[in-house]
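Asker: 3D, please:
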Amino acid sequence: GLHYLKRRFRRYGHFTGIQTFERRATNGTNIVFVHYDNHDSPVEAIVALHNYNGQDLCADPNEPLKLRFAPSMEQSRAGQLPTLEQARKIVEKSGECFNWRLSSGCHRGQRCHLKHISINKEIDSQPWV
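Answerer: Below you'll find the model as predicted:
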């Protein structure tokens with residue numbers, strides 16, 4: 001339950017809130033928002049838990065966890081979010097395929113000259129939007 005989720009995500013740092021949304025409200029997907037109070041903790045949580053499929057956190061072991069970054073309310077209010085094109089330039093400057101990071105995926109497949117980093121697949125998709 002919620003107590004276990006709090007304990008599990010607290011391993012990666014202090015957070016200011018946690019919200020859960022059940023399958024029936026989210027088209028068949030359980031969604032949990034964890035609001036950390038710093039920039040490093042979400043990175044640590046993603047590194048440790050992305051694609052994790054243990055029964056302690058996953059209702060279905062065939063559906064591993066997908067962890068993503070979401071802008072904080074402060075970032076949204078302050079207008080600190082890059083446009084889609086700015087985000088593409090930032091990602092591709094490092095040699096990584098931006099389309100790979102979206103839910104649509106990369107349509108170029110093997111012909112793509114940019115990196116497809118497995119842990120970053122769909123990391124920038126926002127299914128809650």
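Asker: buried residues in stretch 49-57, which are they?
Answerer: Under the neighbour-count criterion of 16 or more other Cβ atoms under 10 Å, stretch 49-57 has 49-50, 57 buried. All C-beta atoms are positioned from the backbone trio N, CA, C, and that covers glycine.
Asker: pick the one among the residues you listed closest to N38.
Answerer: Ranked by distance to N38 (Cβ to Cβ), the buried residues of stretch 49-57 are led by L49 at 17.2 Å.
Asker: show me the residue sitting in the middle of this protein in space.
Answerer: R68 (0.6 Å; Cα atoms, centre = their mean).
Asker: correct me if wrong: that residue contacts N120.
Answerer: No. Between R68 and N120 there is no contact under Cβ atoms under 8 Å: 10.0 Å.
Asker: low-confidence ranges in this structure?
Answerer: 23-29, 71-73, 75, 80-82, 126-129 (pLDDT under 70).
Asker: domains in it, as residue ranges please.
Answerer: Domains of the chain are assigned by automatic domain parsing as 1-67, 82-129.
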